[in-house]
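J.: model the following, please.
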Amino acid sequence: MSDDISYTIRRSTRARRVSVRVDALRGVEVVLPRRGTRGEAAAAVAELRPWIERRLSELDRARSLLAIGRGTVPYLGETLALVPQPGRRRVHRRGGELLVPAGESQRAALERFYRRAAAREIALRLDRACAQVQARYERLTIRGQRTRWASCSRSGTMSFNWRLMLAPEAVLDYVVWHEVCHLEVMDHSRRFWRLLEARCPGYREQLRWLRRNGAALVLP
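T.: Residues are numbered from 1 along each chain as shown. Down below sits the predicted model:
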């Protein structure tokens, strides 16, 4: 039975079969094809229960490691304390504290703060990396993709997920180098991975960290 596992259902016209997703932002979500039934959703959750419970446990451990949800938020490996202030609209950093709005507007204001910080921090790293290898990109955008951390288009447009600011600094540096390498090699061939290893030695550790903990990188 799946009665003790809380989940939401989302219908998708593009879905061809029932699928189950687990992340810190939406919890357990069942994606149904247009004609899928609630019974099929319950059956999928029941069948995947061991995996779902294991994934939820992993997310709890990751949230604990990242100090998320206890009046603090992570910021490139630091832990910043949230200080709610009635009447405040814009988040302001003061040392190891973030002065934030009190009430329901807090999360939206926090996301705006992280987006501004991401634009600044990523631009600095991107410009430095490109100068180091004599590469050039056209444009930088900051987005909030659910499943993608960054991308590089053939035209040289760089797109990065603002939630990388919730990860350790070394993880952000790895993702920047990953995309800079795509300016030279657009695919994930052996040539690409050799180039990445040369430019970002030890990248595999950061890649493993992101795969293991990335789903927990959400604001409380």
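J.: next helix or strand past the strand or helix carrying residue 51?
T.: Under the criterion of DSSP states H and E, residue 51 resides in helix 49-65. Remark: after helix 49-65, the chain's next helix or strand is strand 72-75, criterion DSSP H and E.
J.: who does that following strand touch, helix- and strand-wise?
T.: With contacts defined as 3 or more CB pairs under 8 Å, 6 or more residues apart in numbering; DSSP states H and E, the secondary structure elements packing on strand 72-75 are strand 78-85. Placement of C-beta: from N, CA and C, glycine included.
J.: the strand it packs on: partners in the sheet, and parallel or antiparallel?
T.: Strands flanking strand 78-85 in the sheet, each with its direction: strand 72-75 (antiparallel), strand 97-101 (parallel) (DSSP bridges).
J.: out of those strands, flag the one nearest residue 205.
T.: Nearest to residue 205, of all the strands paired with strand 78-85, is strand 72-75, at 17.9 Å by CB to CB.
J.: export the closest one to PDB, keeping only CA atoms.
T.: As requested, C-alpha coordinates have been extracted for strand 72-75 and formatted as PDB (Å, rounded to 0.1, in the frame of the first residue of the first chain):
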ATOM      1  CA  THR A  72      19.700  29.200   8.000                       C
ATOM      2  CA  VAL A  73      20.600  28.900   4.300                       C
ATOM      3  CA  PRO A  74      23.800  27.800   2.600                       C
ATOM      4  CA  TYR A  75      25.800  30.200   0.400                       C
END
